[in-house]
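Visitor: Structure of the sequence below:
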Amino acid sequence: MSNQYPPMDITPTPSSSDEGTSKPSRRVAYYYDQDVGNYTYYLGHPMKPHRIRMAHNLIVNYGMCDEEAGESEDGVRKVNDGTIGLLGGGVEEKMVRNELRGSRSKTMQVFRPRRATKAEMTRFHTDEYIEFLENVTPETADAMTGGGVRCLIGEDCPAFEGLFEFCSISAGGSLGGAERLNSGAADIAINWAGGLHHAKKTEASGFCYVNDIVLGILELLRIHPRVLYIDVDVHHGDGVEEAFYSTDRVMTCSFHRFGEFFPGTGDVRDVGMKRGKGYAVNVPLRDGITDDSFQSIFKPVIQHIMDYFRPGAVALQMGADSLSGDKLGGFNLTLEGHAECARFVKSFNVPVIMLGGGGYTTKNVARAWTKETAVMCGRELSEDLPYNQYMEYYGPRYKLEVLPNNTDNHNPPEYLEKIKVQVLENLRNLPHAPSAQMREVPSKSLSQALGLTKPGDLSDPEDEVDVRVNRILARRRLNGGYDPVSDDDDESLPGQAAESDDDAAAYARPGRSRRQGGISRARRTISSRLANGKRPANTPNGDTSASEDDPCGVLKKKKRSFFPTHPATGSLLPKLAPNGLMRKRLALGSLAMTGSGVVEQWNGDVLASRAGSPMSIV
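Guide: Predicted structure coming up:
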């Protein structure tokens, strides 16, 4: 069978900015909701969603959201351009031309993500937790959390106005980006409102309420057999690691500050459990790490994972709190060192969904995410910032840069080499490209392949039973009885015969005697006729197919059995008689064998004795 998926090329390729490359830029889908900057945790809280609006404004003014990014030099959109926002003339013709040429003529496509629904959030989180997020308010938070001991614990994750809407925007962008990668409409998806990697299944943690990363990875797993999660946030991505700690379909790799630092997890010895043992990679780092030190361990580890794990897609969390000068971080990375991580991951030519995360110096967050958006688009941006709505934030230099400080680097080469050797040793014994293998999906269902159903039948035989039962229940009287209808009034299923009286009787509510443990009048009549030696008219020897003695039709249906039956009496016949009698004597009709091996003697059609006992059962 031919493989419908071409082999993945993971050889690093030069970026589109390098000279001599003829490879076209990859298709980028960028997700942004203009309402995301309207929310605030509380005054003085370090997490500010406003940073996402600042980054988007800088991206727009660099010209990366224009129809034709190459029309202005250095990618900078001209201020007060008279053609912007006007319809008619050459602008309309340009829009038609761009539409015909397709998305590859643009730097990237910009989408407003749909809001994630409660059902989509509960793919990972519990129903009770999502219901809590929808209903909690600042006034009711103390009562609903039990004084801060459930769902929202501590002051890191307060209940603010619009909490659920903010979570739906964040999760909706990640789900939309993953769906677009799955459909093949884009090679790279960007959602800077996502990357909230601390949220757990039933509680918020570390400024994160809904784990959009887990939701996006679950969506990617519908198509890709393996997904790699890379986290360069200064904090350990404990929520994502916990979600996939026991599976080998998702490998989590986190480069984080370790020690007396939130959340306190992410030791190099934490490698997963059960089937996922070895698929949780943790690289604990110390304060003050620089660009060269970070890349000396980042690139070998990621290269080894890509060679042996062979992911079908990558989820890249680009938390900007690992930059130099962050209010809560302790690393000393520059803008170039941080963006180099995105450039290296892009070089493997696998689908990538790039997400936001931490970052608490807003001007540096906007710079970093603008730079990394340009990296994914294959663009080189001017170092001088274009005029934008938040220009005063970037003074006094007004440059696209984050400079290092004089913090000491507590990561000597010996320590980094020791960590790298231990991480690679944990990865050495893993199988090559583990878990689910992709194969062609058959065009026929299993029931059709076995001949149980036809193409015109319902897809699931149980659906037919449910439909018929629901239709019968709908015709019941209010007093609990059953209202029979004629076959003409009965609406049968497509390709199925109308409902029979036997089905109606079988689904009808039992009478009072049966509900109280007795037997029905029909069964008493049949039992009395058997005791008197009379055979009902609709038995196998009778000629009629229905009789008033069997109103329920219980004797008309032939039961399946794993044993042969007596040709005259219908009694069960085992393959060999336990007392040595052979089939020749059984065929004479003098003896019959029950399924339990007990001998029964018959006098004509009447059972005379059982197992040679003088007691008659007639």
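
Visitor: which strand is the longest one in the protein?
Guide: The residue-count maximum for a strand in the chain (DSSP state E) belongs to strand 250-257.

Visitor: Can you give me the buried ones in that strand?
Guide: Going by neighbour count (16 or more other CB atoms under 10 Å), the buried part of strand 250-257 is 250-257. The C-beta positions use only the backbone N, C-alpha and C, and glycine is treated the same way.

Visitor: likewise stretch 54-69?
Guide: By neighbour count on 16+ other CB under 10 Å, the buried set for stretch 54-69 is 54-66, 69.

Visitor: So what does Asn38 look like in phi/psi?
Guide: Asn38 adopts backbone torsions of phi -90, psi -10, taken as degrees, to the nearest 10.

Visitor: With adjacent residues omitted, what lies nearest to it?
Guide: Leaving aside its chain neighbours, Asn38 sits nearest to Gly162 (7.3 Å; criterion: CB to CB, 6 or more residues apart in numbering).

Visitor: count of neighbours near the one you found?
Guide: When counting by other CB atoms under 10 Å, one arrives at 14 neighbours for Gly162.

Visitor: ok, now the one 5 residues further on?
Guide: By the measure other CB under 10 Å, the count of residues near Cys167 is 26.

Visitor: contacting residues for it?
Guide: Shown in contact with Cys167 (CB atoms under 8 Å, 6 or more residues apart in numbering): 116, 121, 133, 209-210.

Visitor: So Ala315 is in contact with Leu228, correct?
Guide: Yes. Using CB atoms under 8 Å, Ala315 is in contact with Leu228, at 7.2 Å.

Visitor: what comes up buried for stretch 314-328?
Guide: By neighbour count on 16+ other CB under 10 Å, the buried set for stretch 314-328 is 314-326, 328.

Visitor: Identify, from those, the entry nearest to Glu414.
Guide: In terms of CB to CB, no member of those lies closer to Glu414 than Ser322, at 22.1 Å.

Visitor: Tell me who's in contact with that closest one.
Guide: By CB under 8 Å, 6+ apart, the contact list for Ser322 reads 232-234, 329, 331, 333, 338, 358.

Visitor: Strands of this protein, start to end?
Guide: Using DSSP E, the strands assigned to the chain run over residues 28-31, 109-111, 188-191, 227-231, 250-257, 280-285, 313-317, 352-355, 591-593, 599-603, 606-610.

Visitor: I'd like to know which of these has the weakest mean confidence.
Guide: Among the strands of the chain, strand 591-593 carries the lowest mean pLDDT, at a mean of 40.

Visitor: Phe111 and Tyr31 touch, don't they?
Guide: Yes. Contact criterion CB under 8 Å: Phe111 and Tyr31 qualify, at 5.2 Å.

Visitor: For Val240, grab the count of nearby residues.
Guide: 26.

Visitor: Repeat that for Gly154.
Guide: Gly154 has 11 neighbours, counted by other CB under 10 Å.

Visitor: Next one: the residue nearest to it when sequence neighbours are not counted relative to Thr40, how far apart?
Guide: Residue nearest to Gly154 in three dimensions, not counting chain neighbours: Gly148, with 6.5 Å by CB to CB, 6+ apart. Counting by CB to CB, to the nearest Å, the separation of Gly148 from Thr40 is 20 Å.

Visitor: Then Lys299?
Guide: According to CB to CB, Lys299 stands 38 Å off from Thr40.

Visitor: one step back: turn the buried residues of strand 250-257 into CSV, columns for distance to Arg180.
Guide: Converted to CSV, those look like this (distance: CB to CB, whole Å):
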residue, distance to Arg180
Val250, 20
Met251, 23
Thr252, 23
Cys253, 24
Ser254, 25
Phe255, 27
His256, 29
Arg257, 33
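
Visitor: circling back: mind putting the contacts of Cys167 in a markdown table, distance to Thr373, neighbour count and pLDDT included?
Guide: A markdown table is the format used below for the contacts of Cys167 (distance: CB to CB, whole Å; neighbours: other CB atoms under 10 Å; pLDDT from 0 to 100):
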| residue | distance to Thr373 | neighbour count | pLDDT |
| --- | --- | --- | --- |
| Ala116 | 22 | 23 | 95 |
| Met121 | 26 | 26 | 95 |
| Leu133 | 29 | 21 | 94 |
| Tyr209 | 25 | 26 | 95 |
| Val210 | 23 | 27 | 96 |
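
Visitor: So which of these are in helices?
Guide: 121, 133 (DSSP state H).

Visitor: Between the contacts of Cys167, which sits nearest Asn429?
Guide: When those are compared against Asn429 (criterion: CB to CB), the nearest one is Val210, at 35.5 Å.

Visitor: got a list of what the closest one touches?
Guide: 116, 121, 125, 130, 133, 167, 170-171, 196, 199.

Visitor: Most widely separated two among the residues you listed?
Guide: The distance between the two most remote of the contacts of Val210 (CB to CB) is 14.5 Å, for Ile130 and Leu196.

Visitor: For Leu355, list the residues it contacts.
Guide: Leu355 makes contact with 174, 190-192, 194-195, 212-213, 216, 315-318, according to CB under 8 Å, 6+ apart.

Visitor: now do 7 Å
Guide: Counting by CB atoms under 7 Å, 6 or more residues apart in numbering, Leu355 touches 174, 191, 194-195, 213, 315-318.

Visitor: For it, which non-adjacent residue is closest in space?
Guide: Here the residue nearest Leu355, using CB to CB, 6+ apart, is Gly195, at 3.6 Å.

Visitor: Can you tell me how far the closest residue to Arg222 other than its chain neighbours is from Gly176?
Guide: Excluding its sequence neighbours, the residue lying closest to Arg222 (CB to CB, 6+ apart) is Asn182, at 6.5 Å. Separation of Asn182 from Gly176 (CB to CB) stands at 11 Å.
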